[in-house]
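Student: Model the following, please.
(chains A and B)
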Amino acid sequence: MSAQIDLATTAPAPLLASVDRDPARYQELFDGDHIRPHWQELIADLERATPLQMRHRQQFVTRQIRENGISYNIYSEAKDSQRPWDLDLLPQMVDAGEWRALASGIAQRASLLNSVLGDLYGPQQLLRTGMLPAELIFGHNNFLWPCQGIKVPGGSFLHVYAADLARAPNGAWWVVADRAQAPSGAGYALENRQIISRAFPDLYRQLQVTPLDAFFRALQACLQRLAPSGDEAPLSVLLTPGRLNETYFEHVYLSRQLGVPLVEGQDLSVRDARVYMKTLGGLQRVHTILRRLDDDYCDPLELRSDSALGVPGLLEAVRAGHVVVANALGSGVVESPGLLGFLPRICEALRGEKLALPSVATWWCGEAPVRRHALERLSRLVIKAAYPSQHFAAVDGSTLNSAGLAELRARIEAGRTPMSPRSRSNCRKRRSGSAASRSGKSSPGRSACASMRWRRPMATW
Amino acid sequence: MRVYAVATPDGYLVMPGGLTRVAAKAGAATVSMQSGGGSKDTWVLADAPTLVGPRLMPRVLGVRDVVRKDPYLPSRLVENLYWLGRYSERSDNLTRLLRVLLARFVDDGGSGPALVSVLDVGRARTLIGRKPPTKATLVDAVHRTAVGSLRDTLARLYWSATQVRGRLSQENWRAIVEIHREQMALTAATPDLQGAMEFLDRLLMSVSALSGFALDDMTRDDGWRFLVIGRRLERLQFLADVIARVLRQSAIDEPATLETLLELADSIITYRLRYLSAPQLIPTLDLVLLDGANPHSLSFQIRELQREFSTVAADYGDGTGAALLGIERLLGSCNLRALEETAVGIAGRRGELARMATQLNELAAAARGIAEQLALKHFAHVDDVSQATLSA
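Tutor: Numbering: from 1, shown residues only, chains lettered A, B, ... in the order given. Next up, the predicted model:
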C-alpha cells in the first residue's frame, strides 16, 4: 500500500518501482509502464535536484506559510486553535487536453445549476413537470421561501460555483459534490500557487503553467458589473462570519486580493432598504456583498432569527434590488446530494444537451422504490443526509456491523412518517466495488529525506 | 480536487487549477478540511503559450502607494478599541480603589477618616455593602463578579481585546492574556486578605503596563485615538466623582483623608516631592484638579481630550466641541482662592466646598454625555450627520 517515492535518494528505476501500482486505482503518474507525458518534466526535475536543493525548497514552503500566517481553524480542537496550512511541495499535474474537457463540463454544470435555481425561485416548472420531487426541494432548509420570486440582476444566482471532483479507476472525473452558497478554498488555491510557483521558478516558467489570475479578475469584474450602483462608484464588501470561522484566513486574504473591505454582519446596517457599511467616517453605501456566510444565517429578520452573524433587513434590500448578494440567498438548495440523480434529465430538458460530467451514482431515498432498493444493499453504500438540517454525518455502510446497519435502516425507514419529513435520512450510493479504489491515498510514512514523501491526491472529499 | 467557476457575461470561466487535497492519515476513506489533511497546488499545463496578463503577485509599492489611513475603518473595530481603553482605565481605577480600601482597613483597624472616605467611594460603586466593613466583606469586594465589579471589568477588558486582537502587538496581547489568567486563577485561591492584596499588587502592575502599550506601542491612527479618548473619558469621570465625594467629607482637612485622595489619583509621590509635609487641602486640590503637568489631574484629561477630539473633528465633523468647552468652564470655575479661610470664613468655605462638589458632579455627567454622543455619531450612526448621509 505504500505510495511513496523517496525521490531524493533513490535512483530512477527503483524510484518508479516504489510507486504503488494497485491496478484497481487510477495511476496519476503511470500509463502502463510509462510515465505520463505531463508528469515527465517534473519527475526529471526532481531527479536532477540534489537532496539539499529539495530540502531548501521544502523549507521555503514551510517558511512562507509561517510568515504569511496561513492558517485553518479546526472546530473540533480546543477553542482558538489555528492550524498552519498544510501544503505539499509537489504539485498535481493536469494535462491540457484533459483539462479542457473537464473545464467545459464544470462550466456546463455551473450554468445548469444556475438555471435550476432560476426555475426553483421563479416559475418552478421543474417541480410542476415532476423532474424534481417537490419534497426534496421544499424539505431542504436552504430553500428559502422568503426568496421566492426575487429577481436577481442578470439572472445570476451562482456568481461563484465549485465542484468537488474525484477520479474513477479508469481516470474519468466524477462530481462528488456541488458547492453553491459560498464556495471556500479559491483563496487557498491562489496562495498555494504563489508559494509553489516560487519553489520551482524555472520549472514553472518552462512548463507554461496556466496562471490563476484571470479567475480573480473575472470575480472582481463580476462584482462590479452587477452592482446596482447607478452613478456612484460601486462598493463591494466581503461578508465573513468572523475570526472563529474555519477559513477566516482565506477571507482576509481574498479581501486583500480583490481589494474589497472585509466586514462582519454588525458592520452593515440596512436603512430604507439599502445596505450601508458603518465606518468611522460615517455610513458608506454597499452595492455588492460577496458572502462567506451560509444562506439561512444572512438575515435574522426573515431567515434564522437566532443568527447573530447576519444583517437584519438584508433580504428586504435584496428584494428592492438595492444590493446584490453573491451567491444569491437560497443557492444552497442545489448543494443537496439528493439532486445529483436528477441532473442528467434536467440537463437534457433545460439545455438540450447531455450532462458532460457524471456525478457519483446517487439516489434519493425519498422515493419508495429507490428506498427499498437501497435498503437491500445498505452495506455497500455510503449514506449522506439530503439536507444539512438533518445533522447526519456521512456513513460508509461497509464499515458498519449488523447492529449499526439495523439502526441506519430504521432511521431511513422512520423518515416515511409524514409527521417528520425532515428527519428522513436520504441515501447516496456509490459503487461499492470502487469505493476503495477511488479513494487513493498515500501513506505519509516518512523516509530518510522526510520532505520528499510522495502524497497522492485524494479522490474523495 | 475542488474546481471553481465564476460567472462572466460570456458564461462561466473556470479557474485553471484548483485545490487538490491530500489525506493527513493514510487509510482515511474520505477527507475534509475539517478533519485535517493537506493540499497541493494544481498545475494545468498549457499546450500553447499563454498570454500572461498582469499578475496578482505582490507588486513593488512606490511613494504614491503609501497608505496612512484606512478609508473603510469599520466602526465596530473602533468601538472595541474605545471600550478597550475604557475598561483598561476602569480596571486601573478599581484596582487602585480596592488596594487603598484594603490598606486603610488594615492600617486604621476599621475606623478613621481615611477609611470612611474611601468606603464612601467603594459603596457608590457597589463594591461593598452599607454595613461596617469586615475582613470577609473586603475580600468579597475583590472576589465578586457582579456587574461593575473589578473582575467583571477585567472580563470585559479581555473580551474587547479579543475583538481587536489583530491590531495589538504580540507583547500587548500577552499582557492582556496574563491579566485574564490572573483573574481566572483568583477563583481557586483561598479567600484571605493577604492573598487579595497580593493579587491587587500584581494586577496593578499588569494593568499599568497596558497604558504603556497605549502610549508607545500603537500607531497613532484613528483607532488609537479612540482608545486614548476612552481612557481619558474614563479617568475624567472617575476622578471627578472621587474628588466630589471627598469634598463632601466632614474630615476634609484631615491629612489622612487627603492622602487617600492623592493615592486614588496616583499623585502622592508628586505631592510629597513638592511639599515635603503632610497633605493640606489647597495644594492637594491644585494637584488633582488644575495642574496641567500631572497626568492624573482633571485639567490634563480635558486638555488631552480636546487635542484628540480636534483631530477627529477635522476628519469627521465636529460633535463634541461644545460639550468639551462646557467641561472646561466647569473646571475653570473651581476657584481655590475661595477656600482660603482667612478670606471667606469657615461658613463661606463650607459653602464653597459644597458648590465645588456639585460642579464636579456636573462635570462627570457632561463627560458621560460626551461618551454617549460619541457612540451615536461614530459607532451606531444614528445622529443627524448620518441621517444626512442616508438621504443623500
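
Student: hey, where'd the strands end up in the stretch 1-150 of chain A?
Tutor: A:30-31, A:34-35, A:71-73, A:82-84, A:92-94 (DSSP state E, counting those that start in this stretch).

Student: Columns distance to A:Ala49 and mean pLDDT on top of the ones you listed, output as JSON lines?
Tutor: C-beta: built from backbone N, CA, C; applies to glycine. What follows is the strands of the stretch 1-150 of chain A, written out as JSON lines (distance: least, Cβ to Cβ, whole Å; pLDDT from 0 to 100):
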{"stretch": "strand A:30-31", "distance to A:Ala49": "21", "mean pLDDT": "82"}
{"stretch": "strand A:34-35", "distance to A:Ala49": "17", "mean pLDDT": "84"}
{"stretch": "strand A:71-73", "distance to A:Ala49": "29", "mean pLDDT": "72"}
{"stretch": "strand A:82-84", "distance to A:Ala49": "25", "mean pLDDT": "72"}
{"stretch": "strand A:92-94", "distance to A:Ala49": "17", "mean pLDDT": "90"}
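
Student: mind checking which of those strands is nearest chain B?
Tutor: strand A:92-94 (4.2 Å; Cβ to the nearest Cβ).

Student: which regions of the chain lie under the pLDDT threshold?
Tutor: If you meant another chain, say so; for now it's chain A. A:1-21, A:73-82, A:389-393, A:414-461 (pLDDT under 70).

Student: Chain B, not that one
Tutor: Looking along chain B with the criterion set at pLDDT under 70, you get B:23-37, B:47-60, B:67, B:109-110, B:188-191, B:383-392.

Student: Start from the N-terminal end of it and give the helices.
Tutor: B:75-108, B:113-124, B:135-143, B:150-163, B:170-185, B:193-216, B:222-247, B:255-264, B:268-275, B:281-285, B:298-316, B:321-332, B:341-374, B:384-391 (DSSP state H).

Student: any chance of those in CSV, plus mean neighbour count and distance to A:Ala218?
Tutor: Converted to CSV, the helices of chain B look like this (neighbours: other Cβ atoms under 10 Å in any protein chain shown; distance: least, Cβ to Cβ, whole Å):
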stretch, mean neighbour count, distance to A:Ala218
helix B:75-108, 23, 31
helix B:113-124, 20, 63
helix B:135-143, 18, 60
helix B:150-163, 20, 34
helix B:170-185, 16, 38
helix B:193-216, 17, 44
helix B:222-247, 24, 34
helix B:255-264, 23, 63
helix B:268-275, 15, 65
helix B:281-285, 19, 69
helix B:298-316, 17, 36
helix B:321-332, 16, 49
helix B:341-374, 16, 43
helix B:384-391, 14, 32
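
Student: Throw these into JSON lines and include distance to chain A, thanks.
Tutor: As requested, the helices of chain B are exported to JSON lines (distance: least, Cβ to the nearest Cβ, whole Å):
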{"stretch": "helix B:75-108", "distance to chain A": "4"}
{"stretch": "helix B:113-124", "distance to chain A": "33"}
{"stretch": "helix B:135-143", "distance to chain A": "25"}
{"stretch": "helix B:150-163", "distance to chain A": "9"}
{"stretch": "helix B:170-185", "distance to chain A": "11"}
{"stretch": "helix B:193-216", "distance to chain A": "18"}
{"stretch": "helix B:222-247", "distance to chain A": "6"}
{"stretch": "helix B:255-264", "distance to chain A": "34"}
{"stretch": "helix B:268-275", "distance to chain A": "36"}
{"stretch": "helix B:281-285", "distance to chain A": "38"}
{"stretch": "helix B:298-316", "distance to chain A": "6"}
{"stretch": "helix B:321-332", "distance to chain A": "18"}
{"stretch": "helix B:341-374", "distance to chain A": "11"}
{"stretch": "helix B:384-391", "distance to chain A": "5"}
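
Student: For A:Glu316, which of these is the nearest?
Tutor: Of all the helices of chain B, helix B:384-391 sits nearest to A:Glu316, with 15.2 Å by Cβ to Cβ.

Student: returning to that earlier point: identify, out of the strands of the stretch 1-150 of chain A, the most deeply packed stretch.
Tutor: strand A:92-94 (a mean of 23; mean count of other Cβ atoms under 10 Å in any protein chain shown).

Student: for it, the distance to its chain's centre please.
Tutor: Here strand A:92-94 is found 18 Å from its chain centre; the criterion is Cα atoms, centre = their mean, to the nearest Å.

Student: helices or strands up against it?
Tutor: Helices and strands touching strand A:92-94, by 3 or more Cβ pairs under 8 Å, 6 or more residues apart in numbering or on different chains; DSSP states H and E, are helix A:37-48, strand B:38-44.

Student: ranking the ones you listed by burial, who's on top?
Tutor: It is strand B:38-44: most buried of the helices and strands packed on strand A:92-94 by mean count of other Cβ under 10 Å, with a mean of 25.

Student: how near is the residue nearest to B:Tyr87 when sequence neighbours are not counted to B:Asp201?
Tutor: The shortest distance from B:Tyr87 to any non-neighbouring residue, by Cβ to Cβ, 6 or more residues apart in numbering or on different chains, is to B:Leu157 (3.8 Å). Separation of B:Leu157 from B:Asp201 (Cβ to Cβ, to the nearest Å): 18 Å.
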